[in-house]
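Novice: Model the structure of this input:
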Amino acid sequence: MHSWSRRSFGPAILLLALGIAAPLAAQPSPKPPTNDDCLACHQDPEFKRSDGRTAFVDPQKFGASIHGGLECVTCHTDLAAMVELPHAERLQKVDCSVCHTDPVAQYQASIHGQVHKDRPEGPAATCVDCHGTHDITPSADPTSRTYQLNLPDTCGHCHGNPDVIKRGHIEIGDILSLYQDSIHGRALTRSGLTVAPNCSDCHGVHDIQRLAEPTSKVNRRNVPATCGRCHEGVKRQYDGTVHGTQLAGGNPTAPACHDCHTAHDIQRAETERWQLDVVRECGTCHIESIRTYRDTFHGQVTALGYTRVAKCADCHTSHEIHPKGDPRSSIAQANVVATCKRCHEGASESFAKYDPHADKENQARNPFLYYTGRFMKNLLLFVFGFFGLHTILWFVREARHRRDQAGRAGAAGGKAGAGA
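Specialist: Okay, here's the model as predicted:
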């Protein structure tokens, strides 16, 4: 009986055990949609969302993009558990930080990231605004939105758009137009020089900060270092000057590169317009110097719009500006004759005693000019006063003379009538 039971019921028991265990086994998870599944709808150029926006994905552009080897569900992670298609219209936003951890962290700390956090519906740029969506290519690719030659237009989608400028309260205004007309912009966009700086070279890439932030590349104290990445020779000259040392020492009014050259509409220094403008720019800090300069022959000629006379940089140099008492200064006692000879070939020590900032109101600095000015002013007042009084007395005498003549003529006429 026992042996029979084992032979007879063994298969049955085994089948029973399998029947019970089968439902308990893990069911195979649903396979996520493949790229072909997604493109079945999204490759149709007419495919749109309910609000009318396009939902078209160009298969060729996506295949050629930097993400072309990935599956759609790699970025659209909520589709990985999707059992049926079509999916819900609103999907979770793509989280680029899953792969691009450091760039996203830099973005979140940037001015764009902070504004976007405070106003998600606002105009602040996000990853897709700069890089695109399904057609992203490496920055070295000429078709990329972030390629050296294309980046100004990419930034200009916001910083050249009047509506975005208004909604974003961007004080500078249309930066794109200013840049395109600058020496940097013309070199990049018109001459095609990829070594010319664009927006990211000065402001950074993902870590763009506000001007006031000490870590910003365009913060006043950091501007010389930013410009010096290209203009290294000029930075070396500037660093040891009166302007450079004061800026490095924390003087907030000390001029940096952008004070003289501006920020976005930088022009060639050889142009007459720039040379005349920079004289006025120097005068915004050196008020007394520009006042006395304008009283001189040099200053009056430049005020008329001519540049063939000495301007600030001709005497003080452009970047290596030192105090007069510094032996390195172009206007130091030992160097001033050579400075004058740049324009006046026959200049001598006597010629170099000319004071280009002579002030007739400053008795201590220019006593001879001060007393000469006082004398000329008093002489002018005396001459005008004397001849003014002379003219008044002449008119009074003339009026009396005419009145007397009219009286005599009237008396003579009366006598003539009585005799008749």
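
Novice: ok, which stretches of the stretch 151-300 of the chain are helices?
Specialist: With DSSP state H, counting those that start in this stretch, the ranges of helices along the stretch 151-300 of the chain come out as 151-159, 162-167, 175-180, 183-185, 199-203, 223-228, 232-239, 242-248, 257-261, 272-285, 287-294, 297-303.

Novice: And these: which comes nearest residue 370?
Specialist: helix 287-294 (12.8 Å; CB to CB). C-beta here means a position set from N, CA and C on the backbone, and glycine is covered the same way.

Novice: Next, the buried residues of stretch 99-111.
Specialist: 103, 104, 106, 107, 109, 110, 111 (16 or more other CB atoms under 10 Å).

Novice: contacting residues around it?
Specialist: Identification of contacts with stretch 99-111 by CB atoms under 8 Å, 6 or more residues apart in numbering yields 96-97, 113-114, 117, 127, 204-210.

Novice: can you pick the most crowded of the residues you listed?
Specialist: residue 208 (23 neighbours; other CB atoms under 10 Å).

Novice: Tell me if I'm right that that residue and residue 114 touch.
Specialist: No: in this structure, residue 208 is not within contact of residue 114 by CB atoms under 8 Å, at 10.3 Å.

Novice: Tell me which residues touch residue 308, please.
Specialist: Counting by CB under 8 Å, 6+ apart, residue 308 has contacts residue 301.

Novice: Tell me if it really is in a helix.
Specialist: No: applying DSSP: H, G, I helix; E, B strand; the rest coil, one finds residue 308 to be coil, outside a helix.

Novice: Need the phi and psi values for it.
Specialist: When read as degrees, to the nearest 10, the backbone of residue 308 gives phi -90, psi 20.

Novice: ok so, going back, make JSON lines from the helices of the stretch 151-300 of the chain and add distance to residue 330 to it.
Specialist: JSON lines is the format used below for those (distance: least, CB to CB, whole Å):
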{"stretch": "helix 151-159", "distance to residue 330": "37"}
{"stretch": "helix 162-167", "distance to residue 330": "43"}
{"stretch": "helix 175-180", "distance to residue 330": "32"}
{"stretch": "helix 183-185", "distance to residue 330": "25"}
{"stretch": "helix 199-203", "distance to residue 330": "30"}
{"stretch": "helix 223-228", "distance to residue 330": "20"}
{"stretch": "helix 232-239", "distance to residue 330": "12"}
{"stretch": "helix 242-248", "distance to residue 330": "12"}
{"stretch": "helix 257-261", "distance to residue 330": "17"}
{"stretch": "helix 272-285", "distance to residue 330": "15"}
{"stretch": "helix 287-294", "distance to residue 330": "15"}
{"stretch": "helix 297-303", "distance to residue 330": "15"}
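
Novice: Which one of those has the poorest average confidence?
Specialist: The stretch with the lowest mean pLDDT among these is helix 162-167, at a mean of 90.

Novice: what's next to it, contact-wise?
Specialist: So helix 162-167 is contacted by 122, 123, 157, 158, 159, 170, 173, 174 (CB under 8 Å, 6+ apart).
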